[in-house]
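Student: take a look and give me a structure for this.
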Amino acid sequence: MKKLFLVICAVLLACGKRGDPHAPVPVIPKATTDLTVTQRGSKVILTWSYPSLSTSGQTLHDLKRVDVYRVTEEWQVPQAGRDPNSILPGDIDVTLPRPIALFAKVPGISPTQFTKLRERVDSLESTSLPAASSGAHLVYEDTPKFKTTDGRPVRLNYAVVTEGSMAKSDVSNIAVIVPLEVPAPPAKIAADVKAEGVTLSWEAPSGAKLFNVYRTGANEAANELAPPINAAPVQASSYTDVPPYGTYSYRVTAVASAGPPRIESEPSTIVTTTYKDLLPPPAPASLTALVEVQNVRLIWDPVDVPDLWGYNVYRYQGKARIKFQTGAPIPSTHFGDASPQPGIEYVYAVTAVDKSGNESAERRAEPVLVPKTP
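Tutor: Coordinates of the predicted model:
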């Protein structure tokens, strides 16, 4: 009996009290902080980093969708009897497009106001996110109205919310744009390859004075996120680019506002060209022809350029010229002509050739005469 009592006590001591069950900690997606907005033609383009982290810094595995929201602010209706064009130059910044200048002094809406006024534009479901991805970013195109029905300008406010399987993120940063009427795309794009670079030219559309130039490599897809290659809008109808050697495609837009946010026309048609080295190397500094028995030995100074391919050697007899190399240039700085005819005067020349096939000017030696054998 005593033994049974000890066993029961041991069992009771081993059984601790179980705690109340806890609900799993919700995984909350981290709010987007880098939402940006641009305008191209009739489209407003939103871009932001692909949602990948939770608020605790863990990788987000259960992404369900991303909701895109918009709030449209309309410029106020003019008061009765007031000319809507009576704003004096001092009232707004005349260096800005008028719709942008009008809203410049209007305070932006707060996140709280945005949440109350927002309308959902679209939901990007998890299955559609790969198609909306550009590298590590998501891209969304909106086509809102750029004016009210009576022609007043509007200001567009955008934000996104990421939704996981258990919770939603906070509202992202608010990206703001005042859309403008933009010119037509530039026309008749042409590319002229010169030694100093690729010179692009185009026909400016009516009303366009500023332009952006975009470049895409041969193995690259067109990227809506890529900035223009010009540091500031181009103020002419031509631009010279100096890229690394290779094949490139170019597009040009007409700029309505340099921004940020950037507002421009749709891109022009694409022009593709290949930029290669067109500058020949220098000629060898000197060339000496040494007459030997039934041979003329040539020696010259090397040309020090990083892309040197080799040298071509020529022989002149009067006005007739022959080239000794039928294939690639020779890599050495000496050459022997074993086929001269005795008693005939020759002039020898050598050129340097780079890996792009550019050939230098000739360096000629003094005329030589192979003596007749006694």
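Student: quick one: contacts for residue 347?
Tutor: 315-316, 364-365, 367-368 (Cβ atoms under 8 Å, 6 or more residues apart in numbering). For every residue, glycine as well, the C-beta is placed using N, CA and C.
Student: brain fart, residue 114
Tutor: 69, 71, 157, 159, 171, 174.
Student: if you set the cut-off to 6 Å instead, what comes out?
Tutor: For residue 114, the contacting residues are 71, 174, by Cβ atoms under 6 Å, 6 or more residues apart in numbering.
Student: then residue 132?
Tutor: When contacts are counted by Cβ under 6 Å, 6+ apart, residue 132 touches 124, 138-139.
Student: swap the cut-off to 7 Å and go again
Tutor: Counting by Cβ atoms under 7 Å, 6 or more residues apart in numbering, residue 132 makes contact with 124, 138-140.
Student: and those as CSV, adding neighbour count and secondary structure?
Tutor: Below are those laid out as CSV (neighbours: other Cβ atoms under 10 Å; DSSP: H, G, I helix; E, B strand; the rest coil):
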residue, neighbour count, secondary structure
124, 18, strand
138, 22, strand
139, 16, strand
140, 20, strand
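Student: rebuild these as TSV, extending it with pLDDT and distance to residue 234.
Tutor: Compiled in TSV, those are given as follows (pLDDT from 0 to 100; distance: Cβ to Cβ, whole Å):
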residue	pLDDT	distance to residue 234
124	95	35
138	94	30
139	95	25
140	96	28
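Student: which two of the residues you listed lie the greatest distance from each other?
Tutor: Using Cβ to Cβ, the pair of these lying farthest apart is 124 and 139, separated by 10.2 Å.
Student: quick check: bridge partners of residue 252?
Tutor: residue 213 (DSSP bridges).
Student: distance of it from residue 241?
Tutor: For residue 252, the distance to residue 241 (Cβ to Cβ, to the nearest Å) stands at 11 Å.
Student: and if you look at residue 99?
Tutor: In terms of Cβ to Cβ, residue 99 sits 32 Å off from residue 241.
Student: more crowded one of those two?
Tutor: Neighbour tally, residue 99 and residue 241, criterion other Cβ atoms under 10 Å: the higher count belongs to residue 99, 20 against 17.
Student: tell me the secondary structure at that one.
Tutor: Following DSSP: H, G, I helix; E, B strand; the rest coil, the label given to residue 99 is helix.
Student: list the contacts of the closest residue to it other than its chain neighbours.
Tutor: Distances taken as Cβ to Cβ, 6 or more residues apart in numbering put residue 153 closest to residue 99, at 3.5 Å, once the chain neighbours are dropped. Contacts for residue 153 (Cβ under 7 Å, 6+ apart) come out as 75, 99, 102, 147, 178.
Student: ok, 8 Å please
Tutor: 75, 98-99, 102-103, 146-147, 178.
Student: which one of the residues you listed has the most neighbours?
Tutor: Once you tally neighbours by other Cβ under 10 Å, residue 178 ends up highest among the contacts of residue 153, having 25 neighbours.
Student: all helices of the stretch 151-300 of the chain, in order?
Tutor: Counting by DSSP state H, counting those that start in this stretch, the stretch 151-300 of the chain has no helices to list.
Student: hmm, residue 194 is touching residue 277, no?
Tutor: No - with contact defined as Cβ atoms under 8 Å, residue 194 does not reach residue 277; the gap is 11.5 Å.
Student: okay, those two: which has more neighbours?
Tutor: residue 277 (14 against 10).
Student: pull the CA atoms of stretch 261-272 into CSV?
Tutor: Below are the C-alpha coordinates for stretch 261-272, written out as CSV (Å, rounded to 0.1, in the frame of the first residue of the first chain):
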residue,chain,number,x,y,z
PRO,A,261,7.9,63.6,-60.2
ARG,A,262,9.0,63.3,-63.8
ILE,A,263,6.3,64.1,-66.4
GLU,A,264,7.0,63.3,-70.0
SER,A,265,5.5,62.1,-73.3
GLU,A,266,5.3,58.5,-74.4
PRO,A,267,8.7,57.3,-75.7
SER,A,268,9.6,57.8,-79.3
THR,A,269,10.1,54.9,-81.7
ILE,A,270,13.3,52.9,-81.0
VAL,A,271,16.5,53.5,-83.0
THR,A,272,19.2,50.8,-82.6
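Student: between the contacts of residue 132, which sits nearest residue 334?
Tutor: For the contacts of residue 132, the nearest to residue 334 is residue 139 (60.5 Å; Cβ to Cβ).
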